[in-house]
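Participant: need coordinates for the following:
(2 chains)
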Amino acid sequence: MALDDPKIPQDPTPIVGAATDIAPLGGSKPPHERTADEEPDVVDWERLAASDRFRSLLKAKRRFIVPAMIFFVVYYFALPVLIGHARPFMEKRVLGPVNLAYLFALSQFFMAWVIAALYVRAAARFDKMAADVIKSADDGSVS
Amino acid sequence: MTPALGMFVLFVLITLAITYWAARKSQSAAAFFTASRRITGWQNGVAVAGDYMSAASFLGIAGLIAFFGYDGFMFSVGWLVAYLTVLLVVAEPLRNAGKYTMADVLAYRLNPRPVRAVAALSTITVSTFYMIAQMVGAGALVTLLLGSSHVSYELAVIGVGVLMIIYVVFGGMLATTWVQIIKAILLMAGTILLSLLVLAHFGWSLASFFDAVTRVTYHDKGVLVTKNFLEPGLRYTAANHGALDLISLGMALVFGTAGLPHILVRFYTVPDAKTARISVVWAMVLIGSFYIMTTFLGFGAATIVGRDQIAISGGNNMSAPLLAQALAGDIFFAFIAAIAFATILAVVAGLTISASTSFAHDFYTAVIHKGTERRPGEEVRVARVTAFVVGAVAIGIAILLGKDANVAFLVALAFAVAASANLPVIVLSLFWKRFNTTGAVLGLATGLIASLALIIISPSIMKVDPPGVIGAARHLIQHPPIFPLENPGILSIPLGFLGAILGTFLSREPRAEARFAELSVRANTGLGAEKATTE
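Facilitator: Sure thing, here's the model as predicted:
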């Protein structure tokens, strides 16, 4: 920039509100002032979403979550259905005074806990796969 | 001062001290709305349990079992199983892709202003209905529990309301979290003690306990009857569409819990999705153990206190406190009464903060001001004012309704709206690429309207009372119910999904489809998720 540029005033103090000044609150900063975490799109989402690593993560999650959901929904709704339509069967005493109806209701709690425990175990594997996806985004080795 | 009042005061003092401590740490938006995302896994799990187990669980379910035996216990199963949906489908993606509210996830790839506006409406509807139910219950309970201390219904409602406002306005999410944690610990301690005392009463023999449960005697319409309380059918009979109503309730629980705004915001308080997952598991352990122990609370009250005695000393909601009194005297009664009070406070505080966060973040900033704060700290200030207004309105409505108001349907309504409006759009926006703004708005609106309309024409509101039923117990519309079930879920949930899917096919939104890849990667990997902040 030449010193005789008419756009540059004699006083070198930055003009308030100029592009290089501290960005006003609420507005967005000019691109060159953004810090790394403010950079909007450093990630190529499309490519990442289509990558083999990400697709196999989704597939692994689906393979656990879909059957687990179906199983617990069927198991849970079997309770009101059986109570409504198979009452004599449910009133059978199986453990001293305790009938099948109570035991089946009680078993729902353990069913929920077992599925939760299995999920936590499976999710440790999903975490590893997700970490790999993130790593591939960072070092640009998306494939 | 009675022992019960003394324990109330002690609890209030402790929680106020926590609020004072939390207030200094709750200045920034992330601190106020999410406790800086620094709550640990077990802490959040306990807080979720504290947020979820309302007075309806502690006193209501114990009472249902004491009066209706097995049918009451079957009622408690769904409250735990519902957490599988939270764990498997909602908690982690929400934590990964959102910031403060449920609507953050929806607004990710959809047009933010209409979506946030309707989502805020749905959130505030769920929270205020649920809150009014809790406040009316609180007022009635506190007057019963503190009967000898001359605390009136109005005073009790104002007390609960003012405390909840103080926790939220000054202490934000951090104070709310710790109130919920303390409440959950107290509730578990009280329930375990009570269960042990019941077992001790039966000589530590499960066999003789269950034996007594099969022979419960009480007066039914003046006739002395003996019933096996382990057998179903005391409440839900074929005549009142029992099985169908239970299925409908189960659907509202299983799909609604994962759409309850005050539960969802809890997952933003932890550092990452993995911690969110751990916290759901902690919550499931506590909630499950609690509901299993309702066996001892409810059946214990039925066998030791007796249905007749409970009916003349305050009704079925008093089953657990009366059981405590029968087993260990007045001091233990006071302890259980104080727990009931703490329970209500923790739940209403959670509801208040989720409603005010949604109003400030989704409606005020995003819809009215197009997503930018005009001054730093504006969003938090608006949230504090909203919390105050929401609290004041809830106090007013609860006093207007009076303590005999039939408000149980408001809880059913809250779950129905969460299941029919919120959950369909959360799930579709996370898993369906074609989903768009029209679908979200139509889905939320259909779910909300269908739930409201079906409740209005259900036997909760529409029923012909026999002459002599007057005041708040009288049904609002004296007409045979058009919709036969008390819980609308079985119809309103499919309608909510249908609205969302039809709406989607009405228009195409290339931008929403283009951003699906980004949302999917973020939700499933946690790439770019909001981090914990320093204080």
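
Participant: send the alpha carbons of stretch A:96-104 over as PDB?
Facilitator: Output in PDB follows, covering the C-alpha atoms of stretch A:96-104 (Å, rounded to 0.1, in the frame of the first residue of the first chain):
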ATOM      1  CA  GLY A  96     -45.000 -70.400  46.800                       C
ATOM      2  CA  PRO A  97     -47.700 -67.800  46.900                       C
ATOM      3  CA  VAL A  98     -46.100 -65.800  44.100                       C
ATOM      4  CA  ASN A  99     -47.800 -66.000  40.700                       C
ATOM      5  CA  LEU A 100     -46.500 -65.800  37.200                       C
ATOM      6  CA  ALA A 101     -48.000 -62.300  36.700                       C
ATOM      7  CA  TYR A 102     -45.900 -60.900  39.500                       C
ATOM      8  CA  LEU A 103     -42.700 -62.700  38.300                       C
ATOM      9  CA  PHE A 104     -43.200 -61.600  34.700                       C
END
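
Participant: which residues touch residue 118?
Facilitator: Answering for chain A, as no chain was given. For A:Leu118, the contact set (CB atoms under 8 Å, 6 or more residues apart in numbering or on different chains) comprises A:64, A:68. No exception for glycine: its C-beta is placed from N, CA and C like everyone else's.

Participant: ah, no, chain B please
Facilitator: Contacts here follow CB under 8 Å, 6+ apart; on that basis B:Val118 touches B:440-441, B:444-445.

Participant: secondary structure added to those, as a markdown table?
Facilitator: Shown next, in a markdown table, are the contacts of B:Val118 (DSSP: H, G, I helix; E, B strand; the rest coil):
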| residue | secondary structure |
| --- | --- |
| B:Ala440 | helix |
| B:Val441 | helix |
| B:Leu444 | helix |
| B:Ala445 | helix |
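
Participant: from those, pick the one nearest B:Ala392.
Facilitator: Closest approach to B:Ala392 among these (CB to CB): B:Leu444, at 26.9 Å.

Participant: any idea how far chain A is from the closest one?
Facilitator: From B:Leu444 across to chain A, the span is 23 Å (CB to the nearest CB, to the nearest Å).

Participant: next one: B:Gly396
Facilitator: 35 Å.

Participant: next one: B:Ala392
Facilitator: From B:Ala392 across to chain A, the span is 30 Å (CB to the nearest CB).

Participant: next up, the contacts around residue 72.
Facilitator: This is for chain A. Contacts of A:Phe72 (CB under 8 Å, 6+ apart): A:111-112, A:115, B:81, B:84.

Participant: wait, chain B
Facilitator: Taking CB under 8 Å, 6+ apart as the definition, contacts of B:Gly72 comprise B:61, B:63-66, B:235, B:294, B:298.

Participant: tell me the confidence at B:Ala82?
Facilitator: Listed pLDDT for B:Ala82 reads 94.

Participant: can you tell me the helix or strand for it?
Facilitator: Element membership for B:Ala82, per DSSP states H and E: helix B:70-85.

Participant: re the thing from before, could you dump the contacts of B:Val118 to a markdown table with neighbour count and pLDDT?
Facilitator: Shown next, in a markdown table, are the contacts of B:Val118 (neighbours: other CB atoms under 10 Å in any protein chain shown; pLDDT from 0 to 100):
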| residue | neighbour count | pLDDT |
| --- | --- | --- |
| B:Ala440 | 30 | 95 |
| B:Val441 | 22 | 95 |
| B:Leu444 | 30 | 95 |
| B:Ala445 | 18 | 95 |
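
Participant: which pair in the residues you listed spans the largest distance?
Facilitator: Largest separation among the contacts of B:Val118 by CB to CB: B:Ala440 and B:Ala445, giving 9.5 Å.

Participant: which single residue in chain A comes nearest to chain B?
Facilitator: A:Gly84 (2.5 Å; CB to the nearest CB).

Participant: surely B:Tyr83 is in contact with B:Val285?
Facilitator: No. Assessed by CB atoms under 8 Å, B:Tyr83 is found out of contact with B:Val285, at 10.2 Å.

Participant: quick one, which of these two is more surrounded?
Facilitator: Comparing B:Tyr83 with B:Val285 by other CB atoms under 10 Å in any protein chain shown, the one with more neighbours is B:Tyr83, at 26 against 17.

Participant: tell me how far the more buried one lies from A:Ile83.
Facilitator: Distance, B:Tyr83 to A:Ile83, by CB to CB, to the nearest Å: 22 Å.

Participant: pLDDT of the helix or strand B:Leu194 falls within, averaged?
Facilitator: Assigned by DSSP H and E, B:Leu194 falls within helix B:153-201. Averaged across helix B:153-201, pLDDT comes to 93.

Participant: and stretch B:521-530, by the same measure?
Facilitator: Averaged over stretch B:521-530, pLDDT sits at 90.

Participant: stretch A:48-67 now?
Facilitator: In this model, stretch A:48-67 carries a mean pLDDT of 94.

Participant: what's in contact with that stretch?
Facilitator: The contact list for stretch A:48-67 (CB under 8 Å, 6+ apart) reads A:118-119, A:122, A:125-126, A:129-130, A:132-133, A:136-137, A:142-143, B:88-89, B:517-518, B:520-521, B:524-525, B:527.

Participant: got the CA positions of it in CSV?
Facilitator: Listed next in CSV are the C-alpha coordinates belonging to stretch A:48-67 (Å, rounded to 0.1, in the frame of the first residue of the first chain):
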residue,chain,number,x,y,z
LEU,A,48,-16.8,-38.4,6.0
ALA,A,49,-20.5,-39.6,6.0
ALA,A,50,-19.7,-41.7,2.9
SER,A,51,-16.5,-43.1,4.3
ASP,A,52,-16.2,-46.8,5.0
ARG,A,53,-15.3,-46.2,8.6
PHE,A,54,-18.4,-44.2,9.3
ARG,A,55,-20.7,-46.5,7.4
SER,A,56,-19.4,-49.5,9.3
LEU,A,57,-20.0,-47.6,12.6
LEU,A,58,-23.6,-46.9,11.6
LYS,A,59,-24.1,-50.5,10.6
ALA,A,60,-22.6,-51.8,13.9
LYS,A,61,-24.9,-49.5,15.9
ARG,A,62,-28.0,-50.4,13.8
ARG,A,63,-27.2,-54.1,14.3
PHE,A,64,-27.4,-53.7,18.0
ILE,A,65,-30.0,-51.0,18.5
VAL,A,66,-32.8,-52.2,16.2
PRO,A,67,-33.0,-55.8,17.5
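
Participant: thank you, goodbye.
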